[in-house]
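K.L.:
I'd like to go over a predicted model; first the sequence, then the structure.
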Amino acid sequence: MDPVVLDSLDPLIGRLRARGYAVVGPTVRDGVIRFAELGSAADLPRGWSDEQEPGRYRLRQGDDLVFGFAASPDSAKRYTQPPRSSLFRWRDGVAEETPVEAPRVALLGVRACDLAAIAVQDRVFLGGRHPDEAYRARREALFLVAVNCAVPSGTCFCASMGTGPRATTGFDLALTELAEPHLFLAEAGSERGGELLAELPHRPAGPADLEAADEVSRTAAARMGRHVDLDGVKERLVEQRESPVWNEIASRCLTCTNCTMVCPTCFCTTVEDATDLAGGGAERVERWDSCFTLGFTELGGAPVRGSGAARYRQWLTHKFSTWVDQFGTYGCIGCGRCITWCPAGIDITEELERLR
Amino acid sequence: MIPTPYRVRSRRPDRADTVTLTLEPVEGACPPFLPGQFTMIYAPGVGEIPISISGHARSGGYLQTIRAVGAVSRALCGVRVGDVVGVRGPYGTHWDLAATAGMDVVVAAGGLGLAPLRPVIRELAAHGARYGRISLIAGTRTPATLLYPRELARWARDFDVLVTVDHPDRAWKGPVGLITKLVDRIVFDPARTCAFVCGPEIMMRATAERLMGRGVPAHRIAVSLERNMKCGIGLCGHCQLGPLFACADGPVLGYDRVAALMEVKQL
């Protein structure tokens, strides 16, 4: 289906809900943009914009846009790989698998970088010898409505990662918000996206609408806050394993795990086992873990990566080097979340430059 | 990620802190395993750890040797015959004996590293004619911490077996010191030798380097990596060593692939 123009997002939200999807999108909560279920377009953060710099995030009243902000601390990972999920219960010598929760969720407002992150997760969880069927179930239950970024933040660098700012693949629908007049250009990226679009009140997009949408992405690409030079980065990080720069970074890094918690591609998990005091049964729960914790590499009572420098080296080298060996893609998609949410303001784009 | 219930059929203390369990599925038979592979054993409510398979018991169950070092291994060492634990696997790469036919074989074990090598040694003992000259060298802390002493004595009838200890007692008449010294004492044709090395990382590196010093190429030396593992199937991220997942790319890997990685501290 050719691109169309929508006046309002309410019919879209309504149709998705009618199809049994919980529509989840950006909302303002606790001074940040968080994903939450939307009742109508009125729940979207219209008029809000963000300021993001290393170690800094502020919401402020901005232009009269519905999507006038960049990446939020939440990402699609919360839905593709929930922070906690029960694996099984063990009772009387029998394991009862916990049914996978894979609710039908329409994610409204995912950005090109988020789509790239999901594509990375697909390779991690589905591309190997032991596909993660729980991930597959959750992934297949998602309907993705992308939004092309108009206003990148100070920590964004998707343009140099080749993942944005315009969504080109991996979505059901992609919207571009146009300012004057306030409209949405909508493109279908899948058959079911096209079917849905056809059900919405719309008019065909004209050349002026298409040009206006192109201009939004061009402007956004030109306003990227940050940049990485990928040339030779994979080899360089391996060559720099013994660099003193790691120690210097570690002198600032708090090993707090924030970067890995907000990262949309960090996939590491651990498990927690608990016994049920009443019945003598036990439960195993999987939860997000981070390579920045000491316990992550614990072996026979001592961590393999005991120093903060070794843990930071693992994380950054994984993202830009060994991830490529393992999965054929970088583990970074340029959303800048790790820079914004680092309490010490450590900027991976800067550190990559210093590791030249 | 869901463990299969296995019953503890026997529990044999090997040393003060180490036991060998025989584990059989509550229903059905053990899936086949290759020498060097491991299972994830679940102590209900406590946790799950990777343990290498040391062979089949006569009844068909897995023999798995466990040393009590953390909460999970302590719980597993403390099980009673008849208890039910969870088992997933077998997982991981194996010691490639097929590629070894006709060649000299060196098996080098440090401490508990003898456990993952035991299926290899049993194969060598059973079908010695398929291979060239066979040598087993093992290092252990004290004579009392030597694993499988009776089997070692039996294997010594079939091929060269040398054991060294760090700290001898009065009765000890064998070699004392590092296992690398034993590498110098055994006979093999370096150009036609495969080596299987398992033990603490420092022992594996030193042994592999000494074998290379005698002319064995790195790609014919296999080592087995030990890392923290939560899933055992390449999904949890814990066991990475550079580009490798120890659980899925390993645990058994050619020394040519890991030598440079093992050199880097805290990688």
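P.N.:
Received the coordinates, thanks. Numbers count the residues shown, from 1 in each chain, chains lettered A, B, ... in the order given.

K.L.:
who's in contact with residue 18?
P.N.:
Let's take chain A. Contacts for residue A:18 (CB atoms under 8 Å, 6 or more residues apart in numbering or on different chains) come out as none. Every residue, glycine included, has its C-beta placed from N, CA and C.

K.L.:
That was the other one, I meant chain B.
P.N.:
So residue B:18 contacts B:65-68, B:77, B:112, B:147 (CB under 8 Å, 6+ apart).

K.L.:
Could you do residue A:226 as well?
P.N.:
With contact taken as CB under 8 Å, 6+ apart, residue A:226 is in contact with A:154-157, A:160, A:336, A:339, A:347, A:349.

K.L.:
Quick check: it vs chain B, distance?
P.N.:
Residue A:226 is 26 Å from chain B, where distance means CB to the nearest CB, to the nearest Å.

K.L.:
Nearest residue to that residue in space, please, no chain neighbours.
P.N.:
residue A:157 (4.1 Å; CB to CB, 6 or more residues apart in numbering or on different chains).

K.L.:
Give me the pLDDT for the one you found.
P.N.:
Listed pLDDT for residue A:157 reads 98.

K.L.:
Surely it touches residue A:228?
P.N.:
Yes: Residue A:157 lies in contact with residue A:228 (CB atoms under 8 Å); the separation is 5.6 Å.

K.L.:
Pull up the overlap in contacts between those two.
P.N.:
With contacts taken as CB under 8 Å, 6+ apart, the residues that reach both residue A:157 and residue A:228 are A:334, A:349.

K.L.:
Averaged pLDDT, the helix or strand residue A:352 falls within. What do you get?
P.N.:
Using DSSP states H and E, residue A:352 maps to helix A:348-354. On average, the pLDDT along helix A:348-354 is 97.

K.L.:
Quick one: residues in contact with it.
P.N.:
By CB under 8 Å, 6+ apart, the surrounding residues in contact with helix A:348-354 are A:157, A:226-229, A:233, A:245, A:249, A:316, A:319-320, A:332, A:338-339.

K.L.:
out of residue A:157 and residue A:228, which sits in the busier spot?
P.N.:
Using other CB atoms under 10 Å in any protein chain shown as the criterion, residue A:157 and residue A:228 rank with residue A:157 on top: 25 against 19.

K.L.:
who touches that one in this structure?
P.N.:
Neighbouring residues of residue A:157 by CB under 8 Å, 6+ apart: A:224-228, A:334, A:336, A:349.

K.L.:
how about the strands of the stretch 201-350 of chain A, start to end?
P.N.:
For the stretch 201-350 of chain A, the strands defined by DSSP state E, counting those that start in this stretch cover A:203-204, A:269-275, A:282-288, A:298-299, A:302-303.

K.L.:
Please tabulate those strands in a markdown table and include distance to residue B:175 as additional columns.
P.N.:
Formatted as a markdown table, the strands of the stretch 201-350 of chain A follow (distance: least, CB to CB, whole Å):
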| stretch | distance to residue B:175 |
| --- | --- |
| strand A:203-204 | 87 |
| strand A:269-275 | 42 |
| strand A:282-288 | 46 |
| strand A:298-299 | 29 |
| strand A:302-303 | 29 |
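
K.L.:
of all these, which gets the most neighbours per residue?
P.N.:
Neighbour counts (mean count of other CB atoms under 10 Å in any protein chain shown) averaged over each of those peak at strand A:282-288, with a mean of 19.

K.L.:
Could you name the helices and strands sitting against that one?
P.N.:
Where contact means 3 or more CB pairs under 8 Å, 6 or more residues apart in numbering or on different chains; DSSP states H and E, strand A:282-288 is packed against strand A:84-91, strand A:269-275.
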